[in-house]
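A.B. asks: Using only what follows, build the 3D model:
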Amino acid sequence: MKSEVRSQKSEVLAFVALGSNLGDSRQIFAQAIARMQELSAAPLLKSSFIETAPVDCPPGSLNFLNAVVGLAPRADETPELLHAKLQALEKEFGRQPKKVANEPRPLDLDLIAFGAETRCLPDLVLPHPRAHERRFVLQPLAEIAPDCILPGQNRSAAELLAEL
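C.D. replies: Now for the predicted structure:
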């Protein structure tokens, strides 16, 4: 039986997609991942870094570096608190308020899933509404959690990736 968004030890996992197409993306990722470790109650699951073409971005946008990290939220963590911490981390790395949708940025952190939690708030939708149809999310997610089934889906990350 395939599990929901849980690790082998059965604790809840949160998955965060990383994206960057401004600055030294590899260095930014290394530093951001180190900071995300501080938010996790266990060692992070970390995918490889992949380079992808921009999707729905302004003309002339550079390729992105993408990855996914799985973390074990601390006992008192909520999706809303984790989301706020991720947004603060983006700002630390130079993220500016959006002027144009999907504009270039040094660091983009999207909370993809937080266990089986669902949310439909103005600034947080869980699971991420397009994660299941985006190769740049599914490929690294399937690398670290191939059997992960996102809330609302009936196929694993690996199966969804194979269908793209």
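
A.B. asks: Could you count how many residues lie near the residue lying closest to residue 134 once chain neighbours are set aside?
C.D. replies: In this structure, residue 134 finds its nearest non-sequential neighbour in residue 55, 7.0 Å apart by C-beta to C-beta, 6 or more residues apart in numbering. For glycine as for every other residue, the C-beta is placed from the backbone atoms N, C-alpha and C. For residue 55, the count of nearby residues is 13 (other C-beta atoms under 10 Å).

A.B. asks: I'd guessed residue 55 sits against residue 133; true?
C.D. replies: No - between residue 55 and residue 133 there is no contact, the gap being 10.2 Å when judged by C-beta atoms under 8 Å.

A.B. asks: measure the residue nearest to residue 134 to residue 45 for me?
C.D. replies: 24 Å (C-beta to C-beta, to the nearest Å).

A.B. asks: repeat for residue 138
C.D. replies: Residue 138 is 15 Å from residue 45, by C-beta to C-beta.

A.B. asks: same check, this time on residue 150
C.D. replies: Applying C-beta to C-beta to residue 150 and residue 45 gives a distance of 15 Å.

A.B. asks: same check, this time on residue 97
C.D. replies: Counting by C-beta to C-beta, the gap from residue 97 to residue 45 is 30 Å.
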